[in-house]
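A.B. asks: Give me the fold of what follows.
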Amino acid sequence: MQTTESVTLTRDVEAAVIPVGTRVTLQKGEQARITQSLGGSYTVIVNGNMFRIEGKDADALGFQPEARPARPAGSLASTEEVEKEVWSQLRTCYDPEIPVNIVDLGLIYDCRVEPLPGAENSYKVDVKMTLTAPGCGMGPVLRQDVQNKILSIENVDDVSVELVWEPQWNQGMMTEAAKLQLGLL
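C.D. replies: A predicted model of the protein is given here:
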């Protein structure tokens with residue numbers, strides 16, 4: 001959700017500086033303006049600077065901490081079922097500066113789901129993704145978010161997320177829905 005709610009940090013909390021990705025500690029008592037709360041993380045502005053706070057640290061903002069997605073009960077039996085769930089999880093990953101998921105932004109270039117050799121009902125997922133700008137320091141943060149969410153899927157036991165730069169991302173790669181949401185249509 002897009003918001004502009006102001007809160008006082010209830011404890012020291014680790015955050016990533018946007019867009020460089022540097023890890024810092026925001027101090028208890030500082031005022032934070034929440035500008036985005038999507039996909040289990042929060043984008044906040046503190047002292048004029050933008051930061052990303054992970055959902056597990058939501059209590060520092062006065063909210064319930066985001067629980068790590070639980071693997072659903074029952075086995076996903078086929079590669080197709082696992083792939084469908086992978087795409088579903090990818091749609092819960094957001095660029096901290098843009099209120100559109102990374103799939104609709106066109107940042108996912110390739111996603112392959114394959115059975116792991118010698119393991120019954122166990123899968124490996126390989127994702128190739130890009131960023132809206134090559135110099136964005138949030139790449140490792142987004143890459144880790146993608147990896148964690150895919151690993152939460154039952155039967156997925158190996159995930160590789162590679163950042164690639166060819167072809168270079170452009171707004172034409174976004175879905176029509178993303179363009180509409182961002183006012184580009």
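
A.B. asks: Who are the contact partners of the residue positioned nearest the centre of the chain?
C.D. replies: Centrality entry for the chain: nearest residue to the mean C-alpha point is C93, 2.9 Å, by CA atoms, centre = their mean. Going by CB atoms under 8 Å, 6 or more residues apart in numbering, C93 touches G39, N101, I102, V103, L142, D145, V146, K149. C-beta coordinates here come from the backbone N, C-alpha and C atoms, glycine included.

A.B. asks: Now do the strands in this structure.
C.D. replies: 6-8, 13-17, 23-26, 31-38, 41-46, 49-54, 108-115, 123-129, 156-163 (DSSP state E).

A.B. asks: re earlier: roughly how far does the residue nearest to the centre of the chain sit from G55?
C.D. replies: 12 Å (CB to CB, to the nearest Å).

A.B. asks: Run a quick neighbour tally on Q27.
C.D. replies: For Q27, the count of nearby residues is 11 (other CB atoms under 10 Å).

A.B. asks: Give me the spatial nearest neighbour of it, chain neighbours excluded.
C.D. replies: Residue nearest to Q27 in three dimensions, not counting chain neighbours: D12, with 5.7 Å by CB to CB, 6 or more residues apart in numbering.

A.B. asks: still on that earlier bit, out of the strands of the chain, the one nearest G135 is which?
C.D. replies: Nearest to G135 among those is strand 156-163 (12.1 Å), distances taken as CB to CB.

A.B. asks: what's the angle from the closest one to strand 123-129?
C.D. replies: For strand 156-163 against strand 123-129, the angle by axes from the mean of the first three to the mean of the last three CA atoms, to 10 degrees is 10 degrees.

A.B. asks: hmm, who's touching strand 156-163?
C.D. replies: With contacts defined as CB under 8 Å, 6+ apart, strand 156-163 is touched by 82, 86, 116, 119, 122-131, 139, 143, 146-147, 150-151.

A.B. asks: list the buried ones in that strand?
C.D. replies: With burial defined by 16 or more other CB atoms under 10 Å, the residues of strand 156-163 counted as buried are V156, V159, V161, L163.

A.B. asks: go on, stretch 145-152?
C.D. replies: Of the residues in stretch 145-152, D145, V146, N148, K149, I150, L151, S152 count as buried by neighbour count, 16+ other CB under 10 Å.

A.B. asks: all helices for this structure, in order.
C.D. replies: Using DSSP state H, the helices of the chain run over 79-90, 139-151, 176-181.
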